[in-house]
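**Q** Need coordinates for the below:
(2 chains)
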Protein chains: 2
Amino acid sequence: MKIAVLGGGSWGTALAAHLARAGHPVRLWLREPELAARVNEAHENPTYLPGVPLPAGIVAASELDAPLQDAEAVFVVVPSEFCRGVYRRLRDRVPDAAVLVSATKGLELDTLKRMSEVAAEEVPGLPLAVLSGPSFAVEVARGEPTAVVVAASAPGVAEAVQQAVSTRTFRAYSSDDVLGVELAGALKNVVAIAAGILDGLGHGHNTVAALITRGLAEITRLVVGLGGRADTLAGLAGLGDLVLTCTGHLSRNRRVGQALGRGQSLEDALRGTAMVAEGVRTTLAACALAERAGVEMPIARQMRAVLHEGKPPRAAVEELMLRSLKRE
Amino acid sequence: MKIAVLGGGSWGTALAAHLARAGHPVRLWLREPELAARVNEAHENPTYLPGVPLPAGIVAASELDAPLQDAEAVFVVVPSEFCRGVYRRLRDRVPDAAVLVSATKGLELDTLKRMSEVAAEEVPGLPLAVLSGPSFAVEVARGEPTAVVVAASAPGVAEAVQQAVSTRTFRAYSSDDVLGVELAGALKNVVAIAAGILDGLGHGHNTVAALITRGLAEITRLVVGLGGRADTLAGLAGLGDLVLTCTGHLSRNRRVGQALGRGQSLEDALRGTAMVAEGVRTTLAACALAERAGVEMPIARQMRAVLHEGKPPRAAVEELMLRSLKRE
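**A** Numbering: from 1, shown residues only, chains lettered A, B, ... in the order given. As a prediction, this is how the structure comes out:
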């Protein structure tokens, strides 16, 4: 299957590496021409995936036309704030029969739309799937065993993508709960920032485990309130990705939280990284969605207060801990 | 509330410390007279909780009568293999109105009974609760924020224990799903050994996150098959404790798995610790319960093969990864 991967951040580059090793011809679109040249010549992405050798078969380009030519599947892996623009540019360029696969974990801030909704608006009529789950980019690039979910609402689409991406060490499971899979992937970043704050404040594993449990509960409430399924949240895209992001040392959102917990400003916390911490923006979207659905999301609300209203992290944690005792 | 804590391992000692700080008169029963003397004189348990100062109010004893006298609540925190013997000794000693609280996470191997079932058989007629959830002993002893579940089937019992144990930093939620809470606490140790094996083999966070997700799914299947509730598994006693045990560096069961993954024998893996790795025994009970309930537990089955049938850990992991692709 001829595959175009749009987005040369760490996750896009890792997916391109995986898909090339899975035997597909892969073309990778990156914005920076110098980076495209480095991928083609040195088979490395020194900015977003330093030290990881990439398959020589990946052909990188900094303009869209060549990667999209004859593409049978187009993976879109750009930060959520750039997704609409990229999808819009696809409209006249993407081959008629191509499958679009969104691998971005985020929400459009002003519309509260999921990335597959943005894609369907900008490139109507194409088969559409989303890929999510517990997958640190560098581990996928290195071939560590990884399991993800591919969701699509149209029959057969998820299964076709599942077959294309699966290998011995990269297992894709299929689902038809697109909303649940996408919201889970976006919202876990909010909880990851909270987990980082706990760590930065010096709290232990017990506290983080309690946060993860409460975090999954509030994400599940929102997803179910918006029409998704609770069992999606108990799966790889929900629980699996939440656990990874809240406990693994490679999570950017968690690192931002750690810096906040240690007393840094948000500005300073975001400065140290070339990568995007989607959770900072997603927190606003989560709170807005919670209001729309009429569900309580105390963790997201406290994170909004810390990230966007200057509330001290310690005060937010205190309020989360001191909720009244009740039945689980 | 006058409280007796029976069992001076790390968890029993930590619970005693917490309950004393919560304002209760606490008497702690330990088997070794020397250790009881150390707790009384140096306010430390150097064998099981080294370096953690204990409240001076804890009165330790190595015989049962004094701790049980006038006790209003009796917390039993001995390894599962000794529980029946301890409960039997309680029968003629425990005050009529006392509440029994089981905080042991394990199953009786030859009967497959939960600890509260053992307690009810040996000390019939007493109000009975179980306490479980994500709670590394040393973090509770140090006062790190922790949230647990107290479950009881008789009305009002869980709530009474909940009120007695809760403080600003130790939050207890109540439940009436005793079976679900107890099985979750026991069975997570099986998955923790598997998580340790993955780490010992050098695998990454993605792989562990996938294991945790699948592990919770198979524990949930078993609990539901035996009459428990799925939502208990999504809570602190299920997901919360599973995440803690599979990702935290303080888990004994995980450490045993790590040693196995690095190529040590089970004998050598168990040698390095004074503490009990309940999961080694619980794996056998889990497989037997799965057969009884007619549910699939592939992780428990592979762990039984590794722990008790000499199967190489790498081969077990391969088989778990290569299960056929399907819907989630």
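**Q** Which residue is the nearest non-sequential neighbour of A:G257?
**A** A:G196 (2.3 Å; Cβ to Cβ, 6 or more residues apart in numbering or on different chains). Placement of C-beta: from N, CA and C, glycine included.
**Q** Might you report the residue contacts of the one you found?
**A** When contacts are counted by Cβ atoms under 8 Å, 6 or more residues apart in numbering or on different chains, A:G196 is found next to A:S251, A:N253, A:R254, A:R255, A:V256, A:G257, A:Q258, A:A259, A:L260, A:G261.
**Q** Centre of the chain to the one helix or strand it maps to, how far?
**A** Using DSSP states H and E, A:G196 sits within helix A:178-200. Taking Cα atoms, centre = their mean, to the nearest Å, the mean C-alpha location of helix A:178-200 is offset from the chain mean by 9 Å.
**Q** how about the residue of the stretch 151-300 of chain A found nearest chain B, what does it touch?
**A** Nearest residue of the stretch 151-300 of chain A to chain B (Cβ to the nearest Cβ) works out as A:A209 at 3.4 Å. Residues counted as contacts of A:A209 (Cβ under 8 Å, 6+ apart) are B:P134, B:L236, B:G240, B:D241, B:V243, B:L244, B:G248.
**Q** Go through these and say which is closest to B:A158.
**A** Taking Cβ to Cβ as the measure, B:A158 lies nearest B:L236 of these, at 13.5 Å.
**Q** So which bits of the lowest-mean-pLDDT helix or strand in chain A are buried?
**A** Here the helix or strand of chain A ranked lowest by mean pLDDT, DSSP states H and E is helix A:266-271, holding a mean of 88. For helix A:266-271, a neighbour-count test (16 or more other Cβ atoms under 10 Å in any protein chain shown) marks A:L266, A:A269, A:L270 as buried.
**Q** ok, how many other residues are close to the closest residue to chain B within the stretch 1-150 of chain A?
**A** Per Cβ to the nearest Cβ, the residue of the stretch 1-150 of chain A with the smallest distance to chain B is A:P134, at 3.5 Å. In terms of burial, A:P134 registers 31 neighbours under the definition other Cβ atoms under 10 Å in any protein chain shown.
**Q** Hmm, B:G204 and it touching each other?
**A** No: here A:P134 lies out of contact with B:G204, judged by Cβ atoms under 8 Å, at a distance of 10.1 Å.
**Q** roughly how far apart are A:L250 and A:P134?
**A** Look at A:L250 and A:P134: by Cβ to Cβ, to the nearest Å, they are 11 Å apart.
**Q** shared neighbours of those two, anything?
**A** Between them, A:L250 and A:P134 share the contacting residues B:H205, judged by Cβ under 8 Å, 6+ apart.
**Q** Inside helices: which ones of the contacts of A:A209?
**A** Mapping the contacts of A:A209 onto helices (DSSP state H) picks out B:D241, B:V243, B:L244.
**Q** Mind telling me what element the spatially most central residue of chain A is part of?
**A** By Cα atoms, centre = their mean, the mean C-alpha position of chain A lies nearest to A:K105, the distance being 2.7 Å. If you go by DSSP H and E, A:K105 is not part of any helix or strand.
**Q** hang on, isn't it packed against A:S132?
**A** Yes: taking Cβ under 8 Å as the definition, A:K105 is a contact partner of A:S132 at 6.5 Å.
**Q** Find residues that contact each of the two.
**A** Residues touching both A:K105 and A:S132 comprise A:E182, A:G185, with contact defined as Cβ under 8 Å, 6+ apart.
**Q** what about A:G133, how many neighbours?
**A** A:G133: 29 surrounding residues under other Cβ under 10 Å.
**Q** ok, now A:E63?
**A** Residues near A:E63, counting by other Cβ under 10 Å: 11.
**Q** Please apply the same query to the one 4 residues further on.
**A** Neighbouring residues of A:P67 were enumerated by other Cβ under 10 Å; the total is 23.
**Q** As JSON lines, the contacts of A:G196 with pLDDT and secondary structure would be great.
**A** Rendered in JSON lines, the data for the contacts of A:G196 read as follows (pLDDT from 0 to 100; DSSP: H, G, I helix; E, B strand; the rest coil):
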{"residue": "A:S251", "pLDDT": "86", "secondary structure": "coil"}
{"residue": "A:N253", "pLDDT": "91", "secondary structure": "helix"}
{"residue": "A:R254", "pLDDT": "93", "secondary structure": "helix"}
{"residue": "A:R255", "pLDDT": "92", "secondary structure": "helix"}
{"residue": "A:V256", "pLDDT": "93", "secondary structure": "helix"}
{"residue": "A:G257", "pLDDT": "95", "secondary structure": "helix"}
{"residue": "A:Q258", "pLDDT": "95", "secondary structure": "helix"}
{"residue": "A:A259", "pLDDT": "94", "secondary structure": "helix"}
{"residue": "A:L260", "pLDDT": "95", "secondary structure": "helix"}
{"residue": "A:G261", "pLDDT": "96", "secondary structure": "helix"}
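**Q** So which of these wins on neighbours?
**A** The most crowded member of the contacts of A:G196 is A:G257, carrying 33 neighbours; neighbours defined as other Cβ under 10 Å.
**Q** Wait, that one touches A:D199, no?
**A** Yes: proximity of A:G257 to A:D199 meets the contact threshold set by Cβ under 8 Å, at 7.3 Å.
**Q** where exactly do the helices run in the stretch 51-200 of chain A?
**A** A:65-68, A:80-90, A:115-122, A:137-141, A:157-165, A:178-200 (DSSP state H, counting those that start in this stretch).
**Q** ranking these by burial, who's on top?
**A** Mean neighbour counts were compared across the helices of the stretch 51-200 of chain A using mean count of other Cβ atoms under 10 Å in any protein chain shown; the top stretch is helix A:178-200, at a mean of 29.
**Q** CA atoms of the following helix or strand past that one as PDB?
**A** Proceeding C-terminally, helix A:178-200 gives way to helix A:205-225 as the next helix or strand, assigned by DSSP H and E. Backbone C-alpha positions of helix A:205-225 (Å, rounded to 0.1, in the frame of the first residue of the first chain) are rendered in PDB as follows:
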ATOM      1  CA  HIS A 205       3.000   6.600  43.300                       C
ATOM      2  CA  ASN A 206      -0.200   6.100  45.400                       C
ATOM      3  CA  THR A 207      -1.300   9.600  44.600                       C
ATOM      4  CA  VAL A 208      -0.700   9.300  40.900                       C
ATOM      5  CA  ALA A 209      -2.600   5.900  40.800                       C
ATOM      6  CA  ALA A 210      -5.600   7.600  42.500                       C
ATOM      7  CA  LEU A 211      -5.400  10.400  40.000                       C
ATOM      8  CA  ILE A 212      -5.300   8.100  37.000                       C
ATOM      9  CA  THR A 213      -8.300   6.200  38.300                       C
ATOM     10  CA  ARG A 214     -10.300   9.400  38.900                       C
ATOM     11  CA  GLY A 215      -9.000  10.800  35.600                       C
ATOM     12  CA  LEU A 216     -10.300   7.800  33.600                       C
ATOM     13  CA  ALA A 217     -13.600   8.100  35.400                       C
ATOM     14  CA  GLU A 218     -14.100  11.700  34.400                       C
ATOM     15  CA  ILE A 219     -13.000  11.100  30.800                       C
ATOM     16  CA  THR A 220     -15.400   8.200  30.600                       C
ATOM     17  CA  ARG A 221     -18.200  10.300  31.900                       C
ATOM     18  CA  LEU A 222     -17.600  12.900  29.200                       C
ATOM     19  CA  VAL A 223     -17.300  10.400  26.400                       C
ATOM     20  CA  VAL A 224     -20.400   8.500  27.400                       C
ATOM     21  CA  GLY A 225     -22.200  11.900  27.800                       C
END
